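> Here is a sequence with its predicted model. Questions after.
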Amino acid sequence: MYTSVIIIDDDAIVRESVRMFLEAQSDIEVIQCFGRAEDYLAELAKNQFQPNHILLLDIGLPGLGGLEAIPEIKQIADPDIIMLSTYEEEDKILKALSLGATSYISKRAGLKAILEGIQIVQKGGAYLSPAVAREVVGFFAQSKRKKEEFELPARQYEVLSALSEGRTYQEIANEMSISVETVRSHIKKMYRNMQVKNKVEAINLYMNGSVK
């Protein structure tokens, strides 16, 4: 039994390399390839494809983008949609999944990840490539931290406030009459107290009112 796959990607080189790789597999049949979502939708509306195919859908398409295409596709049919993208940002990943995509694979993960994703989806599962999975886990970890409140020592809070306003380490040092190394020391301790890894995470918590 073949797994039927359709590919939508505007990059002809990517599209062809994915097609050739998948067609080399004994149990996969690539039905058709498209460079635009609109062309696929037109054919889908004519009932040209069997309903249980797997769709590999690029996000960064010209015209109707991949994310915008998902609701339109779902109005006509209900294929399993695997997003293929160079984007690994959590907002795009979560948006795609909330719109109805079954899986999300970073193009950086390579052809084997695409094959693995297809095999898992065919069995009724869902697949996230490793970098994408990390983003999703990070999002939920961050969401949990947003519900918590962190109380910082006065000097650490002052440093964080200055960072949120875009000040440099040197500017903060000058304003607080301390050395840059002392600023760095405050920041390291602040990260530890807030259970974050970088400035962006710390500022996000500060802006969300989770720090006092």
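On my side now, so go ahead. Numbers count the residues shown, from 1 in each chain.

> Now do the helices in this protein.
Counting by DSSP state H, the chain has helices at residues 12-23, 37-45, 66-76, 90-99, 111-122, 130-146, 154-164, 169-176, 180-194, 199-207.

> Near N52, how many residues? Count them for me, please.
Neighbours of N52 under the rule other CB atoms under 10 Å: 12. Backbone N, C-alpha and C define where each C-beta goes, glycine included.

> Isn't it up against S4?
Yes - counting by CB atoms under 8 Å, N52 touches S4, with 7.1 Å between them.

> re earlier: reformat the helices of the chain as JSON lines; add distance to V30 and mean neighbour count.
Converted to JSON lines, the helices of the chain look like this (distance: least, CB to CB, whole Å; neighbours: other CB atoms under 10 Å):
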{"stretch": "helix 12-23", "distance to V30": "5", "mean neighbour count": "15"}
{"stretch": "helix 37-45", "distance to V30": "13", "mean neighbour count": "18"}
{"stretch": "helix 66-76", "distance to V30": "18", "mean neighbour count": "17"}
{"stretch": "helix 90-99", "distance to V30": "22", "mean neighbour count": "17"}
{"stretch": "helix 111-122", "distance to V30": "11", "mean neighbour count": "18"}
{"stretch": "helix 130-146", "distance to V30": "23", "mean neighbour count": "14"}
{"stretch": "helix 154-164", "distance to V30": "50", "mean neighbour count": "18"}
{"stretch": "helix 169-176", "distance to V30": "53", "mean neighbour count": "16"}
{"stretch": "helix 180-194", "distance to V30": "48", "mean neighbour count": "16"}
{"stretch": "helix 199-207", "distance to V30": "40", "mean neighbour count": "17"}
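
> what's the least confident stretch among those?
Mean pLDDT values for the helices of the chain show the minimum at helix 130-146, a mean of 67.

> what's the closest non-adjacent residue to D11?
Closest residue to D11 apart from its sequence neighbours, by CB to CB, 6 or more residues apart in numbering: D58 at 7.6 Å.

> beta partners of that neighbour?
As for beta bridges, D58 partners with L84 under DSSP bridges.

> for the nearest residue to L56 once chain neighbours are set aside, what are its contacts?
Of all residues not flanking L56 in the chain, I7 sits nearest, at 4.7 Å (CB to CB, 6+ apart). Residues in contact with I7, defined by CB atoms under 8 Å, 6 or more residues apart in numbering, are R15, V18, R19, V30, Q32, C33, F34, L56.
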